[in-house]
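Trainee: Model the following, please.
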Amino acid sequence: MKRVLKAVMFCSAVACLFGGGCGAKEYLNCRSICSKKGQCGTNSNYDVDSCASKCSDSANSDPDYARKVDTCKECVDPLSCTDPKLLVCFINCPSL
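Mentor: Here you go, the predicted structure:
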C-alpha cells in the first residue's frame with residue numbers, strides 16, 4: 001500500500017510541475033515579469049513577491065490573462081532595462 005501511495009504522490013508532483021496543472025508555469029512567468037519590472041522600474045521598494053503572487057493567481061483563474069502573461073514574458077525577457085522596447089512591452093502586458 002505504501003508503494004502505491006508513493007507512486008501516486010510522485011505522479012501527481014510530476015504532473016503538477018510539467019503539466020502546468022498547479023500553475024507552476026504561470027508563477028514562473030509572472031515572477032520573471034515582476035522581477036524585470038522591479039529591476040527596471042523607478043520604485044526601489046517594488047514588491048516582486050506580491051506582484052508575482054497576484055499575477056499568478058490571476059493567470060491561474062483567467063486563461064486570457066495567462067495568455068497575456070506568456071506574451072509579455074516573451075517580450076520582456078530578452079530586453080535590458082535600457083532598451084526602449086521594454087516600455088512598449090510593459091504597455092502591452094497585463095496590469096501587474
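Trainee: who touches the closest residue to Ser80 other than its chain neighbours in this structure?
Mentor: With C-beta to C-beta, 6 or more residues apart in numbering as the measure, Leu86 is the residue that lies nearest to Ser80, at 7.5 Å, once sequence neighbours are left out. All C-beta atoms are positioned from the backbone trio N, CA, C, and that covers glycine. Residues in contact with Leu86, defined by C-beta atoms under 8 Å, 6 or more residues apart in numbering, are Lys36, Cys40, Val76, Leu79, Ser80.
Trainee: which non-adjacent residue is nearest the fourth one?
Mentor: Closest residue in space to Leu79, ignoring its immediate chain neighbours: Leu86 at 4.6 Å, by C-beta to C-beta, 6+ apart.
Trainee: And the one you found, which helix or strand is it part of?
Mentor: helix 85-91 (DSSP states H and E).
Trainee: and that helix, which residues are buried?
Mentor: Neighbour-count burial for helix 85-91 flags Leu86, Cys89, Phe90 (criterion: 16 or more other C-beta atoms under 10 Å).
Trainee: where does the protein have low pLDDT?
Mentor: 1-22 (pLDDT under 70).
Trainee: all helices of it, in order?
Mentor: For the chain, helices defined by DSSP state H occupy the ranges 2-19, 24-40, 48-61, 63-76, 85-91.
Trainee: hmm, back to that, would you format the buried residues of helix 85-91 as a markdown table with distance to Ala24 included?
Mentor: What follows is those, written out as a markdown table (distance: C-beta to C-beta, whole Å):
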| residue | distance to Ala24 |
| --- | --- |
| Leu86 | 25 |
| Cys89 | 23 |
| Phe90 | 24 |
